[in-house]
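>>> Show me how the following folds:
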Amino acid sequence: MSSEEFFELKNLLLEQRALLNILIPDDVPLSFICDRTGKSRQAIRDYLHYNYKEKKDFYLKKGKIYVAKEAAIQILQRSKI
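Residues are numbered from 1 along each chain as shown. A predicted model of the protein is given here:
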């Protein structure tokens with residue numbers, strides 16, 4: 001791989017990261033994940049409790065459950081909970 005190809009690949013990855021940051025906020029509400037996956041709130045909540053760490057990957061804020069961006073992306077990619 002030449003240095004020119006490397007820099008082109010790096011630029012493409014940086015563009016994808018920028019788009020991802022625009023599309024998915026840092027705090028993703030549980031309802032957003034439910035809408036995208038088609039799963040119930042209870043199913044997503046149970047999945048979070050069994051597979052992710054509270055206060056790191058998801059947390060309660062003003063009575064609503066929010067999911068960290070990294071965990072939300074993983075859940076949305078899997079979408080078969």
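
>>> buried residues in stretch 33-47?
Judged by neighbour count using 16 or more other C-beta atoms under 10 Å, the buried positions of stretch 33-47 are 33, 34, 37, 39, 44, 45, 47. In this view, the C-beta of every residue, glycine as well, is placed from N, C-alpha and C.

>>> neighbouring contacts of the longest helix along the chain?
As far as residue count goes, and with DSSP state H defining each element, the longest helix of the chain is helix 3-23. Residues outside helix 3-23 that contact it (C-beta atoms under 8 Å, 6 or more residues apart in numbering) are residue 73.

>>> rerun that using 10 Å as the cut-off
Taking C-beta atoms under 10 Å, 6 or more residues apart in numbering as the criterion, the residues outside helix 3-23 that touch it are 1, 2, 69, 73.

>>> And the residues you listed, which two are furthest apart?
In the contacts of helix 3-23, two members sit farther apart than any others by C-beta to C-beta. They are 2 and 69, at 33.4 Å.

>>> Look at these two and report which has more neighbours.
For the pair residue 2 and residue 69, the greater number of neighbours falls to residue 69 (15 against 7), based on other C-beta atoms under 10 Å.

>>> who's in contact with the more buried one?
For residue 69, the set of contacting residues under the criterion of C-beta under 10 Å, 6+ apart consists of 20, 21, 24, 25, 26, 27, 28, 57.

>>> which of those are buried?
Among the contacts of residue 69, those classed as buried by 16+ other C-beta under 10 Å are 28, 57.
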